[in-house]
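S.K.: pasting the structure only:
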């Protein structure tokens, strides 16, 4: 049976410290109090008297609460001048008092085991009560409760989350050597997870190798590289890669693939290709598989090196390697992003002829490429084909189609698709609205553009600077520069915003407006791009 137990302390105010749900025992720790004269426990939800109810507690009646007083409890002696009962820290604006030297552990019922302590530490770690966790772990050790490997891992995790990776490594080193590698793997994965500081992961890895002489498995290095790349920390992943190779570990396929893909996602596709060539030349045992080659062909497409993409495909065929739908999708995207529609369609058709089923992503890639070039008429056939093979289009597919219709000035067809999506329950996002608003502004239909902006707000869709820039650009081109300036003052303006406003005032010959925007731009702290610099130079000539 599960009982709900709450603990309160007799201080100037009554504070509910913690709630614990345990089978037949109560475990609590008193923290930050130097002198506590008496504790009051309230036990509720007791549907039947437990067999091992501690002495001094009477079984309550059904549905009622019973309060009882525990034996007098004295903690460590407070220093001179400290009041006997202290309020919670921060209550009166004073700094929190230091914790007592020996936090007290109260045990009611049967003896507390290491398993019970681990459960409590797990809850504290989830709630990010790191100082309390450390105090309880130390007190458990002082009470001759032998720590388990999990105890060491939980305590080290709390230190790591508190930005103390060296202390975390020292704590984990206390675990037995037989369980240490598994614990190090878990702690290093935690350090590489999203939301943490990647420098702590590197410092923890360095402490494990240099300070504690740990010989980590190749899979540990591999997991660190993959996790760091997945969270955008490619520079740290490269440093882990250097440590891994210096210790004689073989370069795995997914390690190389993760780094190449990570560099491509951060806009460094060329650096990813250089890394791939370096690995091929320096590590003779490295044999790139399909995963790495898919990352490489994607990077080649981003760099516009379509000839090398075709050469890589021929090399794979000579080796007898079979490409999959992901590989072909990367090739099609590389061709179509550079405007080579026929080559992209040829690769897509080749994939289908080889018996490889195209999924929704493959079809969306083709549709997006066609819509970018304005070939909307060819898209409808692919949509029908998607329905036949049960590859249902998603919002990204329809967004590409909306953009294609807008590029051909077929706004009514674009609006028809949006209304159809809304009728089927698909939530249209801000990007779709920004495409429509931008097209309306280019056609100088500002009333309808503002109507769409109001519709977005009514639906709870927050407009970003991209949408507002479309409105500002349309207003400036229509000669309503003052209205554009008014809208820009309520948003986080960027380079496009300022260059558009400068263009608007230059077009009107308004030197006062140009000087105002120039001063505002210089005081914004924005790093100007080439376009903004050119417009600003033109504006300066106009002022002079």
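M.R.: Great, that's in hand. Worth saying up front: this structure is predicted, and the values here are computed from it rather than measured.
S.K.: Would you verify that residue 374 is located in a strand?
M.R.: No. Secondary structure of residue 374 (DSSP: H, G, I helix; E, B strand; the rest coil): coil, not part of a strand.
S.K.: Check the gap between it and residue 230 for me.
M.R.: Distance, residue 374 to residue 230, by CB to CB, to the nearest Å: 36 Å. Any C-beta I mention is one placed from the backbone N, CA and C, and that applies to glycine too.
S.K.: So what's the residue count around residue 211?
M.R.: 12 (other CB atoms under 10 Å).
S.K.: Show the contacting residues for it.
M.R.: 166, 169-170, 173 (CB atoms under 8 Å, 6 or more residues apart in numbering).
S.K.: gap between the two ends of stretch 209-217?
M.R.: 11 Å (CA to CA, to the nearest Å).
S.K.: Any buried residues in it, and which?
M.R.: Within stretch 209-217, the residues that count as buried by 16 or more other CB atoms under 10 Å are 209, 214, 216.
S.K.: wait, isn't residue 407 in contact with residue 371?
M.R.: Yes. In this structure, residue 407 is within contact of residue 371 by CB atoms under 8 Å, at 7.1 Å.
S.K.: which of those two has more neighbours?
M.R.: Shown here are residue 407 and residue 371; by other CB under 10 Å, residue 371 has more neighbours (24 against 17).
S.K.: would you say the more buried one is within a helix?
M.R.: Yes. Assessed by three-state DSSP, residue 371 belongs to a helix.
S.K.: remind me, longest helix of the protein?
M.R.: helix 177-192 (DSSP state H).
S.K.: which secondary structure elements does that one contact?
M.R.: Contact here means 3 or more CB pairs under 8 Å, 6 or more residues apart in numbering; DSSP states H and E; on that basis helix 177-192 packs against helix 149-161, helix 165-172, helix 198-206, helix 218-230.
S.K.: rewinding a little: got CSV for the buried residues of stretch 209-217, with pLDDT and secondary structure too?
M.R.: Below are those laid out as CSV (pLDDT from 0 to 100; DSSP: H, G, I helix; E, B strand; the rest coil):
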residue, pLDDT, secondary structure
209, 84, helix
214, 80, coil
216, 83, coil
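S.K.: Now stretch 331-347: buried residues?
M.R.: Neighbour-count burial for stretch 331-347, counted by 16+ other CB under 10 Å, picks out 331-338, 340-341, 343-345, 347.
S.K.: Any idea how far stretch 276-295 is from the middle of the chain?
M.R.: For stretch 276-295, the distance from its own C-alpha centre to the chain's C-alpha centre is 28 Å (CA atoms, centre = their mean, to the nearest Å).
S.K.: Stretch 115-126 now?
M.R.: Centroid separation for stretch 115-126 versus its chain: 26 Å, with CA atoms, centre = their mean.
S.K.: what's in contact with that stretch?
M.R.: Here stretch 115-126 makes contact (CB under 8 Å, 6+ apart) with 20, 22, 25, 27, 130, 132-133, 136-137, 140, 145, 147-148, 150-151, 154-155, 157-158, 161.
S.K.: quick one: contacts for the nearest residue to residue 166 once chain neighbours are set aside?
M.R.: Using CB to CB, 6 or more residues apart in numbering and skipping residues adjacent in sequence, the residue nearest residue 166 is residue 207, 5.5 Å away. Contact analysis of residue 207 by CB under 8 Å, 6+ apart lists 165-166, 169-170.
S.K.: redo that, cut-off 10 Å
M.R.: 165-170, 172-173, 214 (CB atoms under 10 Å, 6 or more residues apart in numbering).
S.K.: before we move on, what about residue 409?
M.R.: 374, 439, 442-443.
S.K.: got it, and residue 322?
M.R.: Counted by CB under 10 Å, 6+ apart, residue 322 has contacts 290, 316, 354, 356.
S.K.: Might one say that residue 336 is in contact with residue 362?
M.R.: No. Using CB atoms under 10 Å, residue 336 is not in contact with residue 362, being 11.7 Å away.
S.K.: Show me the common contact partners of the two, please.
M.R.: Counting by CB under 10 Å, 6+ apart, the residues touching both residue 336 and residue 362 are residue 348.
S.K.: just to revisit the earlier point, can you tell me the average pLDDT over the longest helix of the chain?
M.R.: In this model, helix 177-192 has a mean pLDDT of 79.
S.K.: chain center to that helix: distance?
M.R.: Distance, centroid of helix 177-192 to centroid of chain: 22 Å (CA atoms, centre = their mean).
S.K.: Give me the angle between that helix and helix 218-230.
M.R.: Counting by axes from the mean of the first three to the mean of the last three CA atoms, to 10 degrees, helix 177-192 lies at 10 degrees to helix 218-230.
S.K.: Perfect, I'm done here.
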